[in-house]
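Student: Make a model of this:
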Amino acid sequence: MSTLTLPPVSTTVSTPDPEVSERPQRRTFSVADKLRVLEEIDRAGPKEIGAILRREGLYSSNITRWRRQRDAGQLRGLAPAKPGPKTPPANPLKSDMERLERDNARLRDQLSRAEAVIELQKKWRNCWRPCPPRRIAASAGDGCH
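Tutor: Residues are numbered from 1 along each chain as shown. Modelled structure (predicted):
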């Protein structure tokens, strides 16, 4: 019988690299780069387009989107945009609206005060009625002094 010899087993444990790799950055293309690639693809034949896309590391959807933006004249659309919500444009009628809302609130306050005075006048109308002239015999029953 022959003896089988095995290579020696390493008992050292390799420790993982403690340095954390950074997240890859998203590629951005300048307007000039996008226009350069579009012009090169427009000049190229059908078989050369795939080679250009592979060389630049692009997908055909990128080219389609860039062409639509270029054809629509959206040069701003070709520039990299900042992420996040867009700020709404300033409303020119906002100051007029605020002034009218303040006037409306003031007039509503005046109206509520006037209605309260009218209600008070209705309730106390009998107290404001002038007393008839006094008669000696009827002076006990009219309630006025």
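Student: From now on I want contacts and neighbour counts done on CA atoms only, so please keep to that.
Tutor: Will do.
Student: Using the three-state scheme, assign residue 91.
Tutor: Classification of residue 91 by DSSP: H, G, I helix; E, B strand; the rest coil places it in coil.
Student: what about residue 66, which helix or strand?
Tutor: Following DSSP states H and E, one finds residue 66 within helix 60-71.
Student: Can you list the low-confidence ranges for this protein?
Tutor: Along the chain, segments meeting pLDDT under 70 span 1-4, 6-17, 75-81, 126-132, 137-145.
Student: Identify the residue nearest the geometric centre of it.
Tutor: residue 85 (5.1 Å; C-alpha atoms, centre = their mean).
Student: Check the secondary structure at that residue for me.
Tutor: Relying on three-state DSSP, one would call residue 85 coil.
Student: Repeat that for the one 3 residues further on.
Tutor: Three states are possible here, and by three-state DSSP the one that applies to residue 88 is coil.
Student: Neighbours of it, how many?
Tutor: Number of residues near residue 88 (other C-alpha atoms under 10 Å) recorded here: 6.
Student: And it, its phi and psi?
Tutor: Backbone torsions of residue 88, given as degrees, to the nearest 10, read phi -70, psi 150.
Student: before we move on, what about residue 108?
Tutor: Residue torsions, per degrees, to the nearest 10, at residue 108 are phi -60, psi -40.
Student: how close does it get to residue 101?
Tutor: 10 Å (C-alpha to C-alpha, to the nearest Å).
Student: Equivalent analysis for residue 65, please.
Tutor: Taking C-alpha to C-alpha, one finds residue 65 at 46 Å from residue 101.
Student: hang on, the earlier thing: contacts only, for the residue nearest to the centre of the chain.
Tutor: Not one residue lies near residue 85 by C-alpha atoms under 8 Å, 6 or more residues apart in numbering.
Student: Would you check how far apart it and residue 54 are?
Tutor: 33 Å.
Student: swap in residue 70?
Tutor: Following C-alpha to C-alpha, the distance that separates residue 70 from residue 54 is 22 Å.
Student: which one of the two has more residues nearby?
Tutor: Neighbour count, other C-alpha under 10 Å: between residue 70 and residue 54, residue 70 has more, with 17 against 10.
Student: Mind jotting down where the helices sit in the protein?
Tutor: In the chain, the helices defined using DSSP state H lie at 31-43, 46-56, 60-71, 75-78, 94-123, 125-128.
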